[in-house]
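1. 3D, please:
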Amino acid sequence: MIGISYLILGGNVGDRIKYLHQTVELLRCEAGCITAISAVYESEPWGFDDPCWFLNQVVALETNLAPHALLECIQRIEQIMGRVRSHDGYHARTMDIDILLYNRLVIHTPELIIPHPRMAERMFVLQPLAELAPDLEHPVLFQTIAYLREHCLDRKQVRECLSFISQAP
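-> Numbering: from 1, shown residues only. All right, here's what the predicted structure looks like:
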């Protein structure tokens, strides 16, 4: 099965831009073909206070991995990138990779929920996702990504970092 998945990458610890680039390369090597990459956005931490803002980027990934296998792959990549998982809420991290969408699948298991359950509440997700796929319809909310971005109540700051390369090579 070939799937088109949209992933959000982000981190606020260390050399954030270097970690984004390395993560993209690891995804290319381990998960499939990256068909599109958003610009890099800087955003306030969501769900906790931290002076270091996040850099976020959305990638479109064509993959032969089934959704649960993709989850295992991105968790390995997070670990390679220095991610330390904690189960006590949101906190600073070197790299976080979330599956936002996978084809039009709706999955709800203890390990994996697709579409990402809070993506419509987070401007730092919707802004770069809308850059890549504004007309894509959310498979549960039945609204386009552009519509969700325009109606998002999240008022945290999200700003495009214009100095970074935003196209997939």
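2. At which residues are the helices of the chain located?
-> 16-30, 67-80, 123-132, 145-150 (DSSP state H).
3. how about the ones you listed, which one is nearest Ala39?
-> Each of the helices of the chain was scored for nearness to Ala39 using Cβ to Cβ, and the closest is helix 123-132 (6.3 Å). C-beta coordinates here come from the backbone N, C-alpha and C atoms, glycine included.
4. Please identify the deepest-packed of the helices of the chain.
-> Stretch with highest mean neighbour count among the helices of the chain: helix 123-132 (a mean of 24; mean count of other Cβ atoms under 10 Å).
5. how about the CA coordinates for that one, as PDB?
-> What follows is helix 123-132, C-alpha atoms only, in PDB (Å, rounded to 0.1, in the frame of the first residue of the first chain):
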ATOM      1  CA  MET A 123      -2.000  27.300  14.200                       C
ATOM      2  CA  PHE A 124       1.600  26.000  14.200                       C
ATOM      3  CA  VAL A 125       0.300  22.900  12.400                       C
ATOM      4  CA  LEU A 126      -2.400  24.500  10.200                       C
ATOM      5  CA  GLN A 127      -0.200  27.300   8.800                       C
ATOM      6  CA  PRO A 128       2.500  25.100   7.200                       C
ATOM      7  CA  LEU A 129       0.000  22.300   6.300                       C
ATOM      8  CA  ALA A 130      -2.200  24.900   4.500                       C
ATOM      9  CA  GLU A 131       0.900  26.000   2.600                       C
ATOM     10  CA  LEU A 132       1.200  22.500   1.100                       C
END
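6. So which elements touch that helix?
-> Counting contacts by 3 or more Cβ pairs under 8 Å, 6 or more residues apart in numbering; DSSP states H and E, the secondary-structure elements packed against helix 123-132 are strand 3-11, strand 41-43, strand 54-63, helix 145-150, strand 158-160.
7. go with 6 Å
-> Using 3 or more Cβ pairs under 6 Å, 6 or more residues apart in numbering; DSSP states H and E as the contact criterion, the secondary-structure elements in contact with helix 123-132 are strand 41-43, strand 54-63, helix 145-150, strand 158-160.
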